[in-house]
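A predicted structure for the sequence below; I have some questions about it.
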Amino acid sequence: KGKTLTIRGKKKWTDASTRVFVEDQVELYRLLTEGGYMLPIVSSEAGGMRVVDSFTLMPSWIREMVQLQSQRTKEYDFAALHPNISSTIFGGTGERISHDAIAAFLDIPIAKAKKANLSFFNAPYAQMVNSPVWAYYHQREPKLLENLLQHRQESGKPAKDEHKATSGAMLAKETELMIATIHALNVKGIFPIYIYDALQGKEQDGEIIRATMNATARMMGINTEVR
């Protein structure tokens, strides 16, 4: 998330807020695993029924070293999943939404476009209007934006919480996508690790995992692909 992984040692870091320290994350790993892996917890409907367990909470750089049956693993995730899920739910143009396209359209750095794009649909209205990507959606996806804002207004939530209705709907669709994908892979004898909107599986199964994830997304009308 833009922070530098650093060994703290005995040094006093004046820029500690820009860093993630190895010692802290190793301690988190120990807490998550030393007593055995935690039983998966299914979140509430507001959280889209996402599952939380030792692997989802584990620091990503440590999780990358996990092996399955003594074989190296790799994480497979969809590109710009939530923006494309929003297009499916709220009736966008159906064109694939990508961070690259937004960066080019707005003439801003890709890192800025990605950060703003991924947080846009979960933000309250005032923050959406002030987001760097508002101009893109206002011009390129006006129907999506109109339907999304109408969904919030009709959610029955207080104005300050209307954005949570959007988040819940997108997380629920994400969970539906991941459940369907995992079921399809299990039928093929592949049992990946669930990590919210990504899957971690054996590198040797990579082509099958990618193809299955992409096929499931297409079946559900979500215009995205695994990176």
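On my side now, so go ahead.

how close does the residue lying closest to residue 32 once chain neighbours are set aside get to residue 11?
Nearest residue to residue 32 in three dimensions, chain neighbours excluded: residue 54, at 4.3 Å (C-beta to C-beta, 6 or more residues apart in numbering). No exception for glycine: its C-beta is placed from N, CA and C like everyone else's. Look at residue 54 and residue 11: by C-beta to C-beta, to the nearest Å, they are 30 Å apart.

got it, and residue 170?
41 Å.

the more surrounded of residue 54 and residue 11?
Neighbour count, other C-beta atoms under 10 Å: between residue 54 and residue 11, residue 54 has more, with 17 against 8.

tell me what the longest strand seen in the chain is packed against?
When the chain is parsed with DSSP state E, its longest strand is strand 71-77. Counting contacts by 3 or more C-beta pairs under 8 Å, 6 or more residues apart in numbering; DSSP states H and E, strand 71-77 is packed against strand 198-202, helix 206-219.

Helices of this structure, start to end?
Taking DSSP state H as the test, the helices found in the chain are 22-33, 54-57, 60-63, 81-90, 99-106, 110-120, 125-129, 134-140, 142-153, 162-187, 206-219.

Turn those helices into CSV, columns for mean pLDDT and distance to residue 70.
Output for the helices of the chain, formatted as CSV (pLDDT from 0 to 100; distance: least, C-beta to C-beta, whole Å):
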stretch, mean pLDDT, distance to residue 70
helix 22-33, 97, 18
helix 54-57, 96, 18
helix 60-63, 95, 17
helix 81-90, 97, 31
helix 99-106, 96, 36
helix 110-120, 94, 35
helix 125-129, 95, 46
helix 134-140, 97, 46
helix 142-153, 96, 46
helix 162-187, 96, 20
helix 206-219, 98, 17
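
of all those, which lies closest to residue 45?
Closest approach to residue 45 among the helices of the chain is made by helix 162-187 (6.5 Å; C-beta to C-beta).

so how far is residue 183 from the residue nearest the centre of the chain?
Centroid-nearest residue in the chain, with C-alpha atoms, centre = their mean: residue 197, separated by 4.8 Å. From residue 197 across to residue 183, the span is 16 Å (C-beta to C-beta).

Kindly report the same for residue 174.
Distance of residue 174 to residue 183, given as C-beta to C-beta: 15 Å.

Same drill for those two, tell me which one is more crowded.
Counted by other C-beta under 10 Å, residue 174 and residue 183 do not tie: residue 174 has more neighbours, with 20 against 11.

Surely the more buried one touches residue 81?
Yes - using C-beta atoms under 8 Å, residue 174 makes contact with residue 81 at a distance of 6.6 Å.

Now for those two: what residues contact both?
Common contact partners of residue 174 and residue 81 (C-beta atoms under 8 Å, 6 or more residues apart in numbering): residue 197.
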